[in-house]
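Engineer: Got a sequence here, can you model it:
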Amino acid sequence: MTAVGATGRDGANGEERPAGRASRRRGSHRRPRRPLVIHPLLFAAFPIVFLWAHNLSEGITFSDVVRPLAIVVGAAAGLWLVGTLVLRSARRAGLAVSILVLLFFSYGDFYAAIHSWHVAGTHVSVVLMPLWIAIAVAGVALAVRGGAWLATTTTSLNVVAAALVAVNVVSIVVFQVQSNANTQYLEAGDVHLSHRLLANPPPHRPDVYYIILDEYAGAGALRQVFHYDNSPFLDFLQRKGFYVAANSFTNYPRTELSVASSLNMKYLDVLTKQFGPNTGNTEPMAKMLQFNQVGRVMKSLGYRYIQIGSWWEPTASSPEANVNLQYGGTSEFNQLLAGTTAVSQLTDNTFRLKEYHRVLFQFRALTQLQHLRGPRFVFAHILCPHDPIVFQRNGAYLTTDEEEEHSESYNYVNQLIYTNEAVEKAVDALLSRPPERQPVIVIQSDEGPYPGEPTSWSASPNPITLEQKFDILNAYYLPGLERTGLYPTVTPVNTFRVILDSYFGAQLPLLPDREYTFVNLKTHVYDFRDVTDLLRADSAVESPSPAAGGSPSPAASPP
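Structural biologist: As a prediction, the model looks like this:
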């Protein structure tokens with residue numbers, strides 16, 4: 001029988017050990033190193049780098065990501081430190097925080113997957129939040145209880161979290177390196193002003209306002225599809241001296257394609273040559289928007305480039321702009337990130353209200369730039385009448401419940417009517433200047449509306465869909481010109497070629513006015529099909545647009 005005290009027990013595993021010197025010798029051995037607890041921070045970073053890696057072609061940059069990354073990782077670190085102090089265990093606190101982080105950032109995806117399910121007339125989604133809370137409580141309780149298994153679990157979670165982050169970071173780095181190595185398309189097909197013009201620009205340089213109203217339907221599409229007569233608004237523009245191109249179509253039926261083309265004064269076959277037709281990489285278009293040639297040319301002529309940004313990343317701001325005006329609020333990336341979280345149910349109304357105030361801000365900003373040094377080139381991308389539908393026709397805020405009381409077409413027309421009123425007020429303010437300070441104003445839509453935004457086009461598209469998407473508003477106020485050089489079928493790709501030639505004698509040839517669809521946004525975005533003949537088959541007005549290198553006969557100046 002062993003004497004009491006002759007043996008002891010190891011508090012870690014309960015095994016017997018001999019007393020005395022042997023015990024002291026074993027106690028002198030170095031204890032195994034405890035694994036670092038880094039997985040809470042890595043799991044917090046993972047949703048952000050994952051979202052970035054899977055939206056690389058949307059023009060998202062590190063500056064868009066750094067703020068949410070710092071907030072989320074910082075919050076996880078703070079929660080982990082507090083938990084460590086309370087539980088007196090970094091591993092227990094780390095496990096609890098990782099469980100909460102993973103549940104928080106997965107809620108939105110689960111909610112989106114089941115929110116339309118019904119059982120006995122009840123939304124299944126109503127039980128998701130209680131279920132998530134129950135799982136969180138159980139997970140935290142398990143972490144608090146801990147045990148010998150925590151060391152192995154911590155190591156495993158560190159490895160898994162590090163691998164998840166690393167895979168996405170590598171994708172981001174590789175994409176950025178490849179994109180930065182292939183930027184020839186930014187200059188391919190660019191216009192070139194003479195050295196004489198750049199050295200001695202004319203003393204009178206009117207302010208230039210380029211206003212894009214996103215998804216504003218053309219007059220024909222409004223009549224045929226929405227049964228709305230937009231003549232009063234078009235008559236207003238003509239009374240003010242605008243030339244309204246009566247038979248104008250967008251060059252491409254997608255915002256990134258259309259605006260990249262118009263802001264660079266060229267067709268996008270340069271991207272087909274650079275990247276081929278079999279790609280879904282839209283990052284080049286985002287760069288063409290952010291580093292657009294029109295902005296660079298106007299700056300070279302002594303203009304101050306001012307951008308009134310949207311929430312859409314490629315036009316939210318421009319590194320080329322001297323001034324970026326943005327309404328404070330959530331970026332497109334932050335909206336996507338919020339949609340994956342437990343606050344996703346609140347995102348819709350929050351975003352709708354912010355978009356309502358953003359549009360009001362943008363229209364105000366158009367008329368409040370007098371304190372900025374001129375001459376000014378102002379580019380404003382206003383996502384209206386584009387959804388979300390947040391305006392009643394009188395300009396009041398439209399709630400989600402009020403929107404659901406009417407059809408999509410009815411709500412779209414009401415938001416367009418509000419847009420008309422806002423444009424009229426802006427035009428009146430801009431044209432209140434003395435005659436010698438009248439600005440150039442271009443009011444243009446990038447594309448027409450379409451339910452669901454087509455991401456692919458067949459070789460034989462539906463004629464109604466074709467007209468609805470291509471028919472646009474295209475109006476020009478060009479003061480001080482006896483002849484404008486405009487014509488009924490002028491398209492956005494020639495907008496600034498006309499302006500630069502008319503006011504600066506740039507002698508830029510007009511391009512043929514052509515319209516193109518793309519095969520598939522995700523796989524063949526630069527595989528273009530010419531649909532010009534299909535669109536103009538029923539048009540009574542023939543296009544005077546020139547062959548390449550030609551010049552159209554100038555139209556009469558606007559009334």
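Engineer: Going by C-alpha atoms from here, please, whenever you check contacts or count neighbours.
Structural biologist: Noted.
Engineer: just for this structure, where's the confidence low?
Structural biologist: Within the chain, the segments meeting pLDDT under 70 span 1-33, 57-59, 61, 112, 114-126, 178-184, 188, 329-349, 452, 538-559.
Engineer: mind checking the longest helix of it?
Structural biologist: helix 150-181 (DSSP state H).
Engineer: tell me how far it is from the chain's mean position?
Structural biologist: Centroid displacement of helix 150-181 relative to its chain, using C-alpha atoms, centre = their mean, to the nearest Å, is 25 Å.
Engineer: That helix packs against which elements?
Structural biologist: With contacts taken as 3 or more C-alpha pairs under 8 Å, 6 or more residues apart in numbering; DSSP states H and E, helix 150-181 sits against helix 39-53, helix 90-114.
Engineer: again, only this time at 6 Å
Structural biologist: Contacts defined by 3 or more C-alpha pairs under 6 Å, 6 or more residues apart in numbering; DSSP states H and E place helix 150-181 against helix 39-53.
Engineer: Tell me the helix or strand right after the helix it packs on.
Structural biologist: Sequence-wise, the next helix or strand downstream of helix 39-53 (DSSP states H and E) is helix 62-87.
Engineer: sorry, back to before: what are the buried residues along the longest helix of the chain?
Structural biologist: Neighbour counts using 16 or more other C-alpha atoms under 10 Å place 150-151, 154-155, 157-158, 161-162, 164-166, 168-169, 171-172, 175 of helix 150-181 among the buried residues.
Engineer: And stretch 83-93, by the same measure?
Structural biologist: Applying 16+ other C-alpha under 10 Å to stretch 83-93 flags 83, 84, 90, 91, 92, 93 as buried.
Engineer: Contact partners for the first one?
Structural biologist: When contacts are counted by C-alpha atoms under 6 Å, 6 or more residues apart in numbering, residue 83 touches residue 93.
Engineer: What's the separation between it and residue 89?
Structural biologist: 8 Å (C-alpha to C-alpha, to the nearest Å).
Engineer: now swap in residue 354 and tell me
Structural biologist: For residue 354, the distance to residue 89 - C-alpha to C-alpha - is 42 Å.
Engineer: ok, so of the buried residues of helix 150-181, who is nearest residue 71?
Structural biologist: Among the buried residues of helix 150-181, residue 165 lies closest to residue 71 (C-alpha to C-alpha), at 17.0 Å.
Engineer: In this model residue 46 seems to touch the closest one, though I could be wrong.
Structural biologist: Yes. With contact defined as C-alpha atoms under 6 Å, residue 165 reaches residue 46; the gap is 5.3 Å.
Engineer: quick one, strands of the stretch 151-300 of the chain?
Structural biologist: Ranges of strands in the stretch 151-300 of the chain, per DSSP state E, counting those that start in this stretch, are 208-213, 243-244.
Engineer: What is the last one packed up against?
Structural biologist: Taking 3+ C-alpha pairs under 6 Å, 6+ apart as the contact definition, the neighbouring helices and strands of strand 243-244 are strand 474-477.
Engineer: In terms of secondary structure, what does the strand it packs on contact?
Structural biologist: Judged by 3+ C-alpha pairs under 6 Å, 6+ apart, strand 474-477 is in contact with strand 243-244, strand 440-444.
Engineer: closest one to residue 528 among those strands?
Structural biologist: Nearest to residue 528 among those is strand 440-444; the distance by C-alpha to C-alpha comes to 22.6 Å.
Engineer: The closest one pairs with which strands, parallel or anti?
Structural biologist: Within its sheet, and counting by DSSP bridges, strand 440-444 is paired with strand 208-213 (parallel), strand 474-477 (antiparallel).
Engineer: can the ones you listed go into CSV with extra columns for distance to residue 223?
Structural biologist: Shown next, in CSV, are these (distance: least, C-alpha to C-alpha, whole Å):
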stretch, distance to residue 223
strand 208-213, 19
strand 474-477, 17
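Engineer: With residue 321 as the reference, name the closest of the ones you listed.
Structural biologist: Smallest distance to residue 321 across the strands paired with strand 440-444 (C-alpha to C-alpha): 13.8 Å, for strand 208-213.
Engineer: Residues contacting the closest one, please?
Structural biologist: 377-382, 384, 439-445.
Engineer: Which of those residues sits closest to residue 282?
Structural biologist: Residue 282 lies nearest to residue 381 out of those, by C-alpha to C-alpha, at 18.7 Å.
Engineer: Which residues does that closest one form beta bridges with?
Structural biologist: Beta bridges link residue 381 to residue 212, judged by DSSP bridges.
Engineer: What's the local residue count around it?
Structural biologist: The number of residues packed near residue 381 is 24, by other C-alpha atoms under 10 Å.
Engineer: which outside residues touch stretch 291-299?
Structural biologist: 263, 264, 320.
Engineer: Can you show me the CA trace of stretch 34-54 as CSV?
Structural biologist: Once non-C-alpha atoms are left out, stretch 34-54 reads as follows in CSV (Å, rounded to 0.1, in the frame of the first residue of the first chain):
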residue,chain,number,x,y,z
ARG,A,34,0.2,27.5,-25.9
PRO,A,35,-1.1,28.2,-29.4
LEU,A,36,-1.6,31.8,-30.3
VAL,A,37,-5.3,32.8,-30.5
ILE,A,38,-5.5,34.6,-33.9
HIS,A,39,-8.6,32.9,-35.4
PRO,A,40,-11.1,35.5,-34.1
LEU,A,41,-9.3,38.3,-36.0
LEU,A,42,-8.9,36.2,-39.1
PHE,A,43,-12.6,35.0,-39.1
ALA,A,44,-13.6,38.7,-38.8
ALA,A,45,-11.4,39.7,-41.8
PHE,A,46,-12.5,36.7,-43.9
PRO,A,47,-16.1,37.9,-45.0
ILE,A,48,-14.5,41.2,-46.1
VAL,A,49,-11.6,39.8,-48.2
PHE,A,50,-14.0,37.1,-49.5
LEU,A,51,-16.5,39.7,-50.7
TRP,A,52,-13.6,41.8,-52.2
ALA,A,53,-12.1,38.7,-54.0
HIS,A,54,-15.5,37.8,-55.5
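Engineer: buried set for it?
Structural biologist: The neighbour-count check on stretch 34-54 (16+ other C-alpha under 10 Å) flags 37-53 as buried.
Engineer: and the nearest residue to residue 234 once chain neighbours are set aside, how far is that from residue 364?
Structural biologist: The shortest distance from residue 234 to any non-neighbouring residue, by C-alpha to C-alpha, 6 or more residues apart in numbering, is to residue 244 (7.4 Å). For residue 244, the distance to residue 364 (C-alpha to C-alpha) stands at 24 Å.
Engineer: Between those two, which has more neighbouring residues?
Structural biologist: residue 244 (24 against 14).
Engineer: contacting residues around stretch 447-454?
Structural biologist: Here stretch 447-454 has contacts from 215, 216, 217, 250, 253, 468, 469, 470, 472, using C-alpha under 6 Å, 6+ apart.
Engineer: now with 10 Å?
Structural biologist: Stretch 447-454 has contacts (C-alpha atoms under 10 Å, 6 or more residues apart in numbering) with 212-218, 221-222, 249-255, 257-259, 385-387, 408-409, 412, 465-473, 518, 520-521.
Engineer: Just the buried residues of it, please?
Structural biologist: For stretch 447-454, using 16+ other C-alpha under 10 Å, the buried residues are 447, 448, 449.
Engineer: Quick one: end-to-end distance for it.
Structural biologist: This stretch, stretch 447-454, spans 12 Å end to end (C-alpha to C-alpha).
Engineer: Residue 151: what's it in contact with?
Structural biologist: By C-alpha under 10 Å, 6+ apart, the neighbours of residue 151 are 33, 34, 35, 36, 37, 91, 92.
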